[in-house]
Structure formats: C-alpha cells, structure tokens
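K.L.:
Provided below are the primary sequence and the corresponding predicted coordinates.
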Amino acid sequence: MSTETLTQKSKTNWFRKTDVPVVISGPCSVETEEQVLETCKRLKATGKVDILRGGIWKPRTRPGTFEGIGIKGLPWMKRVKEETGLPITVEVAKAAHVDACLAFGVDILWIGARTTVNPFAVQEIADAVRGVDIPILVKNPINPDLALWMGGMERFRAVGVEKLGAIHRGFSHIGEKFYRNRPEWQIAIEFMRQNPDTPLIGDPSHICGRRDILKDVSQKAIDLGFDGLMVESHIDPDNAWSDAKQQITPEVLGDMITSLKARQTKENDEGAQGSLDYLRQEINTIDDDILNLFASRMGIARKIGEYKKANNMTILQQKRWNEIIEKVQAKGVEKGLSKEFISKYIKAVHDESINQQEEIMKG
Ligand code: PEP
Ligand code: MN
C-alpha cells in the first residue's frame with residue numbers, strides 16, 4: 001500500500017500498530033488440507049497479509065449447502081500457522097468451538113454476523129472466553145442495527161476481553177443487489193464515533209459478494225479510517241465450496257492490496273470527526289449512495305417500461321406524475337430543502353426515467 005497524508009482520526013491500538021491497515025486473508029471455508037495450506041502459503045508469499053483466516057464451521061443461510069469441515073480442519077489451520085509463522089483466526093459460533101480453537105492454538109476468534117444477531121449465542125461464547133487472553137472480533141449483525149452490534153461488544157467487555165475489535169461486513173436488505181450486503185457506511189461511521197478506541201476492520205468480500213468492486217469498497221473503508229481489511233482468498237475461487245463469486249486468488253489479493261492507498265493520519269486539534277477531510281469523506285460516501293439509489297430507481301423504471309410496453313400504455317401517466325411532484329415537494333420542504341431545488345431535482349429524475357423507458361419501448 002502506498003501512503004498519502006489525510007487529516008483524519010489519528011490512532012493506533014492493540015490491532016493496528018502503524019498507519020498501514022492490517023490485512024487478514026484466507027479462504028471463506030477450509031475445504032481440504034492442501035487447499036488451505038496452499039492458499040495460505042501463497043498469501044504469505046505476497047508479503048501483504050498479516051493474519052490468516054479460515055472458516056471451519058459455516059453457519060449457512062440454507063441447509064444443504066456446505067456447512068464447514070468442522071473440527072478435523074483445525075489441525076490443518078495449526079499447520080498453516082506453523083508453516084507460515086502468521087497468526088490465524090477462525091469463526092466461532094458456540095462455546096464448544098471456542099474450546100476447540102483454544103486447543104489448536106488459534107490466535108484470534110471472530111463472531112459471525114449470524115451469531116451477533118443472537119444475544120444468547122454471543123453470551124455463551126463470552127462466558128467461554130471469560131478469563132482467557134484471546135482477541136475477539138465481532139462482526140456486525142446481519143440486520144442494520146447498531147445497538148445489537150454494540151450489545152455484542154458489551155458482552156465481551158463485560159467478561160474482561162481486552163483485545164476487542166469489530167468487523168463491518170455490510171447488512172442484509174431487500175431490493176436491488178448491487179451489493180450482496182449493503183455497506184450502510186453511516187452505521188460504520190457511527191460505530192467509530194461511539195467506539196473511538198476499538199479497531200474496526202472492513203470485510204469487502206461479504207459486502208460485495210462479487211470481485212469487480214472489491215477494490216473500491218476496500219479503498220473506501222481505508223479512506224474512512226478503518227484499521228484493517230478481511231478479504232477472502234482461494235486458490236481456485238470459481239470452485240470454492242462457499243462464496244465462490246467473491247473470492248480471489250492470493251496473487252490477485254496481493255496486487256489489490258498493493259494498489260490501495262493507505263492514509264497517513266495526522267493529529268487534528270478540532271478532533272477527527274470535525275476535520276475537513278473527514279467531512280469530505282462522508283460527503284463522498286453519501287454521493288456514492290445517492291448514485292447507487294438512482295441506478296436502482298432507474299432499474300425499476302425500466303421494469304415499469306416493460307410493463308407499459310406489454311400493456312400498450314403511454315409512458316407519461318399524468319395523474320401519477322402530479323402525485324409524485326406534490327408528495328416529494330411536501331417532504332422536501334419538511335426536511336429544509338428549497339421548493340426550487342426539489343422541483344428541479346424531481347423533474348430531472350423524471351426525465352431520465354422517461355428516457356430509460358423510451359429505450360425499452362423502442363427495443
Ligand atoms: C465468513 O466470514 O465467511 C462469513 C460467514 O461471514 P459473515 O458472518 O459476515 O456472513
Ligand atoms: Mn464467506
């Protein structure tokens with residue numbers, strides 16, 4: 001990673017010792033001894049990876065998909081650690097997983113998104129690590145609920161876990177699937193505000209669910225001042241037993257990390273949250289979100305275009321259009337936006353929808 005100076009939050013913590021974010025990588029699932037060993041050796045060879053991950057127990061959304069190799073994969077992870085000299089991290093979802101990981105020298109445990117949603121499960125794991133000096137990383141829950149994420153963190157703090165961190169892996173949503181899990185960056189930003197000393201790691205793999213936007217999402221996390229990245233890697237991504245679409249080979253991962261720009265942090269008297277660069281980053285984030293929303297809106301407009309074409313309807317439905325203008329203007333004024341701006345905005349959006357629908361009608 002090359003470095004660039006950016007006035008932002010300045011911090012090092014138990015996880016990140018320098019301005020360069022920490023990189024965690026490894027396969028979504030541990031499949032065979034050869035697969036995990038080769039993946040991890042090649043990751044080590046890139047010189048860009050600090051910690052190796054491997055999923056041993058996989059809490060899958062649907063039964064009948066690969067649910068993890070289970071405990072027999074732990075000796076393989078131990079071998080990975082011995083042969084690469086790098087620390088290893090494994091997901092745990094219950095107390096028995098914690099005991100097994102501790103027996104095989106796992107260095108860091110992480111809590112998956114499907115576990116963070118369940119306070120009983122989190123508490124069971126917290127009780128199992130009481131009095132054990134092992135770092136824990138808590139993924140955000142599947143649903144966009146900051147309080148539930150905070151609650152998970154608090155359960156580990158309460159049992160005395162000192163090396164605690166969090167992983168932002170995006171949030172489940174209905175509708176458009178540009179992201180597999182929508183980043184909802186403002187939730188991550190609020191998490192940082194409420195937990196200024198807790199390391200936060202970005203998980204672009206589970207946010208993206210695809211390879212082509214991994215780099216942009218990784219850079220965004222770094223720009224926002226995240227302490228590290230967790231990116232899935234596999235020697236044969238297309239044939240991975242889980243999350244095949246989002247994994248990349250160790251060499252592609254190495255190149256991607258090299259191409260990212262780390263931000264050098266600088267003390268700022270106003271406090272990080274008030275700095276101009278930080279606020280600009282927030283604006284960039286919101287602008288990206290707006291663009292994505294426009295793209296989704298136009299996608300739906302095109303579907304409506306198909307319906308109108310099939311039913312021989314005109315594009316412009318005057319009654320519907322009047323309703324939209326009135327509703328949006330009233331809402332905008334309520335939010336402190338000028339009537340003039342709203343009217344220009346909604347007309348521009350409407351024009352674009354009509355153009356997109358015309359394309360469909362012509363086609
Ligand atoms: C994983 O890291 O492979 C995983 C299952 O992620 P998540 O808990 O974020 O879905
Ligand atoms: Mn995965």
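P.N.:
That came through fine. Ligands and ions are numbered 1, 2, ... in the order given.

K.L.:
Name the residue of the stretch 201-350 of the chain that lies nearest to ligand 1.
P.N.:
Checking the stretch 201-350 of the chain residue by residue against ligand 1 with Cβ to the nearest ligand atom singles out His206 as nearest, at 4.3 Å. Every residue, glycine included, has its C-beta placed from N, CA and C.

K.L.:
quick one: contacts for the closest residue to that residue other than its chain neighbours?
P.N.:
In space, not counting the residues next to it along the chain, His206 is nearest to Arg169; the distance is 4.1 Å by Cβ to Cβ, 6 or more residues apart in numbering. Residues near Arg169 by Cβ atoms under 8 Å, 6 or more residues apart in numbering: Ala113, Lys139, Asn140, Asn181, Asp203, His206, Ile207.

K.L.:
Give me the phi and psi for Arg169.
P.N.:
Note on Arg169: backbone dihedrals following degrees, to the nearest 10 are phi -120, psi 10.

K.L.:
Any stretches of the stretch 51-200 of the chain with poor pLDDT?
P.N.:
Using pLDDT under 70 as the threshold, the predicted model of the stretch 51-200 of the chain has no low-confidence range.

K.L.:
residue of it with the smallest distance to ligand 2?
P.N.:
Shortest the stretch 51-200 of the chain-to-ligand 2 distance, computed as Cβ to the ion: residue-wise this is Gly55, at 6.2 Å.

K.L.:
Isn't that residue up against Ala240?
P.N.:
No - here Gly55 lies out of contact with Ala240, judged by Cβ atoms under 8 Å, at a distance of 10.6 Å.

K.L.:
Comparing those two, which residue is more hemmed in?
P.N.:
In this comparison of Gly55 against Ala240, neighbours counted by other Cβ atoms under 10 Å, the higher total goes to Gly55 at 25 against 22.

K.L.:
So for the longest helix anywhere in the chain, mean pLDDT?
P.N.:
The residue-count maximum for a helix in the chain (DSSP state H) belongs to helix 276-310. Confidence over helix 276-310 (mean pLDDT, whole number) is 85.

K.L.:
for that helix, packing partners?
P.N.:
The criterion is 3 or more Cβ pairs under 8 Å, 6 or more residues apart in numbering; DSSP states H and E, and the helices and strands that helix 276-310 contacts are helix 185-194, helix 214-223, helix 339-362.

K.L.:
can you list the residues of the stretch 1-150 of the chain near ligand 2?
P.N.:
Those residues of the stretch 1-150 of the chain that sit near ligand 2, judged by Cβ under 5 Å from the ion, are Cys28.

K.L.:
Can you show me the strands along the stretch 1-150 of the chain?
P.N.:
2-5, 22-26, 51-54, 88-92, 108-111, 136-139 (DSSP state E, counting those that start in this stretch).

K.L.:
if I look at Pro237, how far off is Lys139?
P.N.:
Relative to Lys139, Pro237 is positioned 21 Å away (criterion: Cβ to Cβ, to the nearest Å).

K.L.:
what angle sits between the longest helix of the chain and helix 339-362?
P.N.:
With axes from the mean of the first three to the mean of the last three Cα atoms, to 10 degrees as the criterion, the two stretches helix 276-310 and helix 339-362 enclose an angle of 40 degrees.

K.L.:
Please pull up the helix or strand immediately following helix 276-310.
P.N.:
Read in the C-terminal direction, the helix or strand following helix 276-310 is helix 318-334, with elements assigned using DSSP states H and E.

K.L.:
Where does the stretch 151-300 of the chain get nearest to ligand 2, residue-wise?
P.N.:
When Cβ to the ion is the measure, the stretch 151-300 of the chain has its nearest residue to ligand 2 at Asp243, with 3.8 Å between them.

K.L.:
Share the number of residues neighbouring the residue lying closest to Asp288 once chain neighbours are set aside, please.
P.N.:
If the residues on either side of it in the chain are set aside, Asp288 comes closest to Lys220, at 7.7 Å by Cβ to Cβ, 6+ apart. Applying other Cβ under 10 Å, we find 21 residues neighbouring Lys220.

K.L.:
Spit out the contact partners of Asn239.
P.N.:
Taking Cβ under 8 Å, 6+ apart as the definition, Asn239 has no contacts.

K.L.:
Tell me how many other residues crowd the nearest residue to Gly54 once chain neighbours are set aside.
P.N.:
Nearest residue to Gly54 in three dimensions, chain neighbours excluded: Val30, at 4.3 Å (Cβ to Cβ, 6+ apart). For Val30, the count of nearby residues is 29 (other Cβ under 10 Å).

K.L.:
Same question for Gln356.
P.N.:
For Gln356, using other Cβ under 10 Å, the count is 17.

K.L.:
Okay, it and Lys339: tell me how far apart.
P.N.:
Counting by Cβ to Cβ, the gap from Gln356 to Lys339 is 26 Å.

K.L.:
again with Ile174
P.N.:
Looking at Ile174 against Lys339, where the rule is Cβ to Cβ, the gap reads 32 Å.

K.L.:
which one of those two has more residues nearby?
P.N.:
Neighbour totals were compared for Ile174 and Lys339, and Lys339 leads with 11 against 5 (other Cβ under 10 Å).

K.L.:
Give me the pLDDT for the more buried one.
P.N.:
87.
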